[in-house]
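*Asks:* build me a structure from this.
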Amino acid sequence: MVLKVAVTLALYVAVFYKIDVRQFVERLQSADLGWLSLGVLVYAGGQWLSAWRWWVLLRPVRLEVPFLRMVAFYFIGMFFNFFLPTIVGGDAVKAVLLSRETGAPARATMSVFMERNVGLLALLAIATAAAMAAPRVAVKGVPLLHLTLVLFAAYLAANAVLASRRAYGLIDRLVALTPLARTRSRAVSLHDALLPYRERQWWGTTAAATVQSVLFQGVVILVVFLSAKALDERVPVSALAVFVPLISLAGMLPISVNGLGIREALYLLLFGRIGVPADAAVSMALLYAAVTFAASLPGGLVYALQRGPRTGPGRST
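*Replies:* Below is the predicted model:
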């Protein structure tokens, strides 16, 4: 955690060294609150859609939880994302809440994993497709199209391993030779919980969840677009469709506190490549963070008011 705080602070120092702080403050003060308020409503609606995606993905693992309960869990997870080490920290909170609700920790955890997994599929698919039409941008000489293709290929390879019993068995035997051998039993239970998603009868469910993920990534891109509108900046939608997913992906890396610093640095780097002023790029990053935080605040209220898991057949107290 100390290293993550140090990395976060170092990134912020580097970012603010690159921009005119006075212009940055003036830019934020001139932001149109109407566009930002619309962004909050749009993002909150996107969270409802994402809760539906998670709820649908409970079916293959035979878990039954009321939809509104899932909405509550989802908002709580989004709220805790802002206080845990990475932007996927809220996933752990959702897994714990659902485990307590259902008494099935492995299946609850796998449903959270699959909800994130189909989200990654949509994120990488949008970024790769948009990179073909967006302004040509390279980082350290590497075109973003090449980067997205490599990431997409790595994602598909990882899922192929998870879906194949033979490939998983090979990985399991290799893990048995390492100090991680003691985690094999837990890994096996999680892998077994993943198997239902391979069954043909649930392919339509997974496809529906994937389509919803594409819609949610569109919501995220729209929120950044509205943040740019609030600053009176014109940014090509094709560029947003490449940059925003890649920045979201980078924010999942556990090298800073909640992705802070990484997001602002990448906004400065990528949007600067297409002519967006440095102070405007960093302002867009902070406004997006403010919008998502405001939209996630109800999760804190729900968490404070919730009465805990219900009791009944199949549920633990």
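
*Asks:* ok, now which ones touch Arg273?
*Replies:* The neighbours of Arg273, taking C-beta atoms under 8 Å, 6 or more residues apart in numbering as the test, are Pro135, Val137. From N, CA and C alone the C-beta is placed, and that goes for glycine too.

*Asks:* would you mind measuring from it to Gly299?
*Replies:* Taking C-beta to C-beta, to the nearest Å as the measure, Arg273 and Gly299 are separated by 35 Å.

*Asks:* one more: Ile76?
*Replies:* For Ile76, the distance to Gly299 equals 4 Å [C-beta to C-beta].

*Asks:* give the closest residue to Leu149 in space, chain neighbours not counted.
*Replies:* Across the structure, with C-beta to C-beta, 6 or more residues apart in numbering as the measure, the residue nearest Leu149 apart from its sequence neighbours is Thr128 (6.2 Å).

*Asks:* tell me which element the one you found falls in.
*Replies:* Per DSSP states H and E, Thr128 falls inside helix 105-131.

*Asks:* can you list the buried residues in that helix?
*Replies:* For helix 105-131, a neighbour-count test (16 or more other C-beta atoms under 10 Å) marks 105-128, 130-131 as buried.

*Asks:* now do the same contact list for Val257.
*Replies:* Met1, Lys4, Val5, Thr8, Pro85.

*Asks:* so it, which of the three states?
*Replies:* Judged by DSSP: H, G, I helix; E, B strand; the rest coil, the three-state class of Val257 is coil.

*Asks:* what's around Ala280, how many residues?
*Replies:* 22 (other C-beta atoms under 10 Å).

*Asks:* try Asp20
*Replies:* By the measure other C-beta under 10 Å, the count of residues near Asp20 is 13.

*Asks:* separation between the nearest residue to it once chain neighbours are set aside and Gly272?
*Replies:* Excluding its sequence neighbours, the residue lying closest to Asp20 (C-beta to C-beta, 6+ apart) is Asp279, at 5.7 Å. Look at Asp279 and Gly272: by C-beta to C-beta, they are 11 Å apart.

*Asks:* and what of Gly39?
*Replies:* If you measure Gly39 against Gly272 using C-beta to C-beta, the figure is 22 Å.
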